[in-house]
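K.L.:
here is a sequence together with a model predicted from it:
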Amino acid sequence: MAKPEPEPRARTVLEPLTQFDLSTHSQSPTRSLAISTVSDSQTLIYIGTLAGTLILLQSSPKTTSFLQAITVADGSPIDRIIVLSEIAKLLVLSDGSLFLLDSLLSQPAKKLAFFKGVSAITRRFRSTGNQTESTDFIDSTAASSSSSSSSEYASASQRLLQRLSGGIRSNGLKIKESEQQHQQQQQQQQRSEANNLGHFVFAVVIGKRLILVELVLGNRLNKSDVDVNGVYGSLVVLKEIQCIDGVITLVWLDDSIVVGTVNGYSLFSCVTGQSGIIFTLPDMSTPPQLKLLWKEWNVLLLVDNVGVLVDEHGRPVGGSLVFRRGQPDSIGEMSSYVVVVRDGKMEVYHKKSGSCIQSISFGGEGVGACIVADEEVRSGKLVAVATPNKVICYRKLPSEEQIKDVLRKKNFKEAIALVEELECDGELSKDMLSFVHAQVGFLLLFDLHFEEAVNHFLQSETMQPSEVFPFIMRDPNRWSLLVPRNRYWGLHPPPKPVEDVVDDGLMAIQRATFLRKAGVETLIDEDFLLNPPSRADLLESAIKNIIRYLEVCREKELTLPVREGVDTLLMYLYRALNRIGDMEKLASTENSCIVEELETLLDDSGHLRTLAFLYASKGISSKALAIWRILARNYSTGLWKDPTLENDIQDTSNNGISSKEIAAVEASKILEESSDQDLVLQHLGWVADINQVLAVQVLTSEKRANQLSPDEVISAIDPRKVEIFQRYLQWLIEDQDCDDTQFHTLYALSLAKSAIDAFEAENTYQNSDIGRVDEAVISDNRMNSIFESPVRERLQIFLSSSDLYEPEEVLDLIEGSELWLEKAILYRKLGQEALVLQILALKLEDSEAAEQYCAEIGRPDAYMQLLDMYLDPQDGKEPMFKAAVRLLHNHGESLDPLQVLEKLSPDMPLQLASETILRMFRARLHHHRQGQIVRNMSRAVDIDARLARLEERSRHVQINDESLCDSCHARLGTKLFAMYPDDTIVCYKCFRRQGESTSVTGRNFKQDILIKPGWLVTR
């Protein structure tokens, strides 16, 4: 057997307003009921009795009073009352006839003739655009027949007019076509009166006829119409449709009319007249009931105790409503709810969920049939319930009061669902949803459900972060004035520190435990009673979740004071949980923390790293650097340990080294951006002691606005930190393009001294075991060096590339050393070629370098000088015959063989030089002969050119009286003329204008040379 679904928690939707006893004014039971709201403070209630009396009551927020009573049909029950509030009229159905009355019952009822045997009547409602007033059916039809309308109703009305052939029946009489047109013209002329008088269309059931009629007021009728004393009006028949027998109830929505009989429900079209069955009722079923739900423009069809919702086309929409107490006596509507009454009880059902929200008892068992009425054409907030002898008015509880009532019962989820439902129904704004989320959050916070509370805080778009400040820091404080006061509905205590909230909550749990033992129920959470939480766990949960809320708030657009409060208090909470990583992340990134509020706190708690980060982020570099210096010193001495490394399973010394490095790195970040020269130089020393690379980065940083003074930096660098000194000078020279001779010379001298020391160190220990150990140490030190290349390589590159240092000073320094290549570079700078060749050829024995240097000199005697050095090395050295042969082989062609033979030593083996000397002679002879050929060819060309010039100069041209200038076409006669190489002739004037290089044909002889064939040069 399936478990029944739990009943939803009840809440108050309707509350009793006033009550009126009918027994003093009528002994007849109530048959029908209708209400009409005149204003917010006045509502008219119409009660129809079985005896035919119509009673008018007036209801106000405080009382209900009797106004008037009138007899409509003596002895016949009043079956239906339709309130036409727009024109202050009533349409009443009694004894099968229709009566028209004024809303205050000040005049006798006027019976509308020619309508007898009426069993049911309904007013037409339009759902298009949510219009609640009835439509001028004929006027809309006429308008749609003369102009095209985009609305569904206009097109439907036009189709209806086309189907109505042979004129219109008025009160059962047929009108001529001309009269019909005249009526339409009158209606069009009086369209401006429609808003004031109101046009209303109804569906009336008489037997098996469904008649569509219009209530026409005023003097609009012609003589064929039946007038009621010429004052109130009459009903004009628009159309008659064949209906079914036994219609009890009907509803007209748009173009569809839903009728109900004991056999079932059917749908008729007022346009086509066609009908169809929606569904049939089972045998022995209760009588049908129909209710128009104007808010959604649906129709509720009652089948026993089930209410089925259909749209205007008869199609089911949404779910069905199941009424718990069987078939209701009457059905009403109130906003998003359906109100039903039966046996002295009223139940309120939600339309969407179908759940019963509220149940109210207003009469004892056997009280008789009850009736509920609402305003059918307005979004009223009042319903009236009538028993046979009394009328009770119920007012819809304001939405806020409903929410408060649910919150007081601690039904938080239901409260949020209610707010979302009301927002969806358009009764509450989105801001109110945010408001309630915040209210629920505070209630949950004081109930110690911190995670759920913050979840609701985050869903509120109107809650300010400053509202949680009092839960973190006691008042008064810097941000006390930012906290909004007197907000929400006063359902929770005033804000106080979270420690007090937890303490009060634990006391409440303890009291609830004792009360529960005594049999008293409380609103304390059942889980807390069964498993009371510890204070530490609650505090940790509260702080974690408030941290979560503030972290989200940091991403929002906040005012500066609120941002300062959020960041500062967030640091407080991080510290409370000792979340060092989060503290340092917040302090090291962009933040709005107030340093004055945190420095003492962080200093006392030992969170010096966080304080240093905070100082740095606020630009207080001196204090930040002082802390990093203290930490670096304490790390190295073991007086202070890094909290972030306390749980690491590592060697203590390694932890100290790592922490010192971190301190130096963080300090260097600050120093790299600082333009305060004194501050940078003050902290440069201890950073360099830890890591020389960081010190170089500080000195060479491009991040600072103003660079440091090179003289001051050089003076401040520790003389023992040679690599820092050299790297800084290198940066000045290479990156900053410094051309100061002093810095270039200092750099060269420093490199030279380091090179001498390195050379001597390597030579001293290269052959001993201890030396090999030291060599390993030296190699390790080289790996830790800030330079990637050896010092000698850097010295040689700099000596070769720079021309701004003093070579004599450097030469004096390395004169007694073995740095021969460096000496060669310096001698070269000084122009001492012989010494350079001597070092390259004899000291270094680098024949290739020596020959290259001779090529740079560019003189043949340089090679002879080098050959002489190879053959006569001096200082007792053996002649370098192989080097000499290499030189003769590579550059012998450019040497004078006689001089070479003179230089050759008698001791030189002939077989070494014979082949080279033979090649030199052959090359010499070839060079001589080649020169002769070139000389003779040049002479031939010269002779040819001279001959061609002579031929050109000896050419003759004959000019007569008929000769013309090829440019201006003037007769030349005895004028001066000129002739171009292409045989064109121009007068002297044109020659001056054309120039001597360009002829009349446009040919430029300087660019396009004219070559004439000669005896040697041809085309």
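P.N.:
Looks like it arrived, so ask away. Numbering: from 1, shown residues only.
K.L.:
where does the nearest residue to Glu420 once chain neighbours are set aside fall, secondary structure wise?
P.N.:
Using Cβ to Cβ, 6 or more residues apart in numbering and skipping the chain neighbours, the partner closest in space to Glu420 is Leu433 (6.6 Å). (Glycine included, C-beta is placed from N, CA and C.) Using DSSP states H and E, Leu433 sits in helix 430-446.
K.L.:
all helices for the stretch 651-800 of the chain, in order.
P.N.:
Under the criterion DSSP state H, counting those that start in this stretch, helices of the stretch 651-800 of the chain are mapped to 652-673, 677-690, 692-699, 710-716, 722-730, 741-765, 769-783, 791-801.
K.L.:
the residue nearest to Ala834 when sequence neighbours are not counted: how many residues sit nearby?
P.N.:
Of all residues not flanking Ala834 in the chain, Gln865 sits nearest, at 6.9 Å (Cβ to Cβ, 6+ apart). Using other Cβ atoms under 10 Å, Gln865 has 17 neighbouring residues.
K.L.:
what packs against the helix or strand hosting Gln865?
P.N.:
For Gln865, the element it lies in under DSSP H and E is helix 860-871. When contacts are defined as 3 or more Cβ pairs under 8 Å, 6 or more residues apart in numbering; DSSP states H and E, helix 860-871 packs onto helix 833-838, helix 847-857, helix 881-891, helix 897-903.
K.L.:
out of these, flag the one nearest Leu382.
P.N.:
When the helices and strands packed on helix 860-871 are compared by Cβ to Cβ, helix 847-857 sits nearest Leu382, at 113.2 Å.
K.L.:
contacts for that closest one, please.
P.N.:
Contact with helix 847-857 is made by 828, 833, 836-837, 840-841, 862-863, 866, 883, 886-887, 890-891, as judged by Cβ atoms under 8 Å, 6 or more residues apart in numbering.
K.L.:
any quick ChimeraX command for the buried ones out of those residues?
P.N.:
ChimeraX command restricting those to the buried ones, with burial defined by 16 or more other Cβ atoms under 10 Å:
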select :828,833,836,837,840,841,862,863,866,883,886,887,891
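K.L.:
which of the contacts of helix 847-857 sits closest to Leu210?
P.N.:
Nearest to Leu210 among the contacts of helix 847-857, with distances taken as Cβ to Cβ, is Arg828, at 123.5 Å.
K.L.:
chain neighbours aside, what residue packs nearest to that closest one?
P.N.:
For Arg828, the closest residue by Cβ to Cβ, 6+ apart turns out to be Val836, at 4.9 Å.
K.L.:
residues contacting that neighbour?
P.N.:
Contacts of Val836 (Cβ under 8 Å, 6+ apart): Ala824, Tyr827, Arg828, Tyr853.
K.L.:
now do it, the pLDDT please.
P.N.:
pLDDT recorded at Val836 is 87.
K.L.:
any idea how far Pro807 is from Ile825?
P.N.:
Going from Pro807 to Ile825 by Cβ to Cβ, to the nearest Å gives 8 Å.
K.L.:
touching both of those two, which residues are there?
P.N.:
In contact with both Pro807 and Ile825: Leu799, using Cβ under 8 Å, 6+ apart.
K.L.:
between these two, who's got more neighbours?
P.N.:
Ile825 (21 against 18).
K.L.:
residues contacting the closest residue to the more buried one other than its chain neighbours?
P.N.:
Using Cβ to Cβ, 6+ apart and skipping the chain neighbours, the partner closest in space to Ile825 is Leu799 (4.4 Å). In this structure, Leu799 makes contact with Ala748, Tyr805, Pro807, Val810, Glu822, Ile825, Leu826, Lys829, judged by Cβ under 8 Å, 6+ apart.
K.L.:
tell me the two of these that are most distant?
P.N.:
Tyr805 and Glu822, at 12.3 Å, using Cβ to Cβ across these.
K.L.:
looking at these two, which is more packed in?
P.N.:
Shown here are Tyr805 and Glu822; by other Cβ under 10 Å, Glu822 has more neighbours (25 against 22).
K.L.:
let me see the contact set for that one.
P.N.:
Glu822 neighbours (Cβ under 8 Å, 6+ apart): Ala752, Ala755, Arg792, Leu795, Gln796, Leu799, Val810, Ile814.
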